[in-house]
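Trainee: need the 3D shape of this:
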Amino acid sequence: MADEKDREEIIVAEFHKKIKEAFEVFDHESNNTVDVREIGTIIRSLGCCPTEGELHDLIAEVEEEEPTGYIRFEKFLPVMTEILLERKYRPIPEDVLLRAFEVLDSAKRGFLTKDELIKYMTEEGEPFSQEEMEEMLSAAIDPESNSINYKDYITMMVTDEN
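Mentor: Predicted coordinates:
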């Protein structure tokens, strides 16, 4: 029983270290606060991929009673620790991403054009913002062919679980 408890304490301590390191990158004033707009980036840097709705709920949970535009580390740490322990907001597996792209690629060409990608990402499901769209296009689109080879893109964007 003690071994299990010790193991969990080590895991929690490792999570706390990772969370603190990620938080400190955006704590520009070194005062244990970050701009609320940076929380999504911090969470994603820790390997979690919440939807915009989940992110909004999470921010509401860690924000002060009277929103200040900043999130305090003391409030963020226990919530983020719990998320990591419960393995919430895990990235979508590679095979599921591939099947999704294949559905969009009805001609089975192995790629989507830039225009097709923009159409799907802004008109279907939870639409990308302009900023998200530009960020994705800069990473995904091959400038020579003006298209995305989605198998290569998936390989590039899938994070290692270990």
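Trainee: next helix or strand past the helix ranked longest in the chain?
Mentor: Looking across the chain with DSSP state H, the single longest helix is helix 2-26. Following helix 2-26 in sequence order, the next helix or strand is strand 33-35 (DSSP states H and E).
Trainee: just checking, what packs against that next one?
Mentor: The contact analysis (3 or more C-beta pairs under 8 Å, 6 or more residues apart in numbering; DSSP states H and E) places strand 33-35 against helix 2-26, strand 70-72, helix 73-85. Yep, even glycine has a C-beta here, placed from its N, CA and C like the rest.
Trainee: ok, now with 7 Å
Mentor: Applying 3 or more C-beta pairs under 7 Å, 6 or more residues apart in numbering; DSSP states H and E, one finds that strand 33-35 contacts helix 2-26, strand 70-72.
Trainee: between those, which one is closest to R44.
Mentor: Of all the helices and strands packed on strand 33-35, helix 2-26 sits nearest to R44, with 9.5 Å by C-beta to C-beta.
Trainee: lowest-confidence stretch among the helices and strands packed on strand 33-35?
Mentor: For the helices and strands packed on strand 33-35, the weakest mean pLDDT is recorded on helix 2-26, namely a mean of 89.
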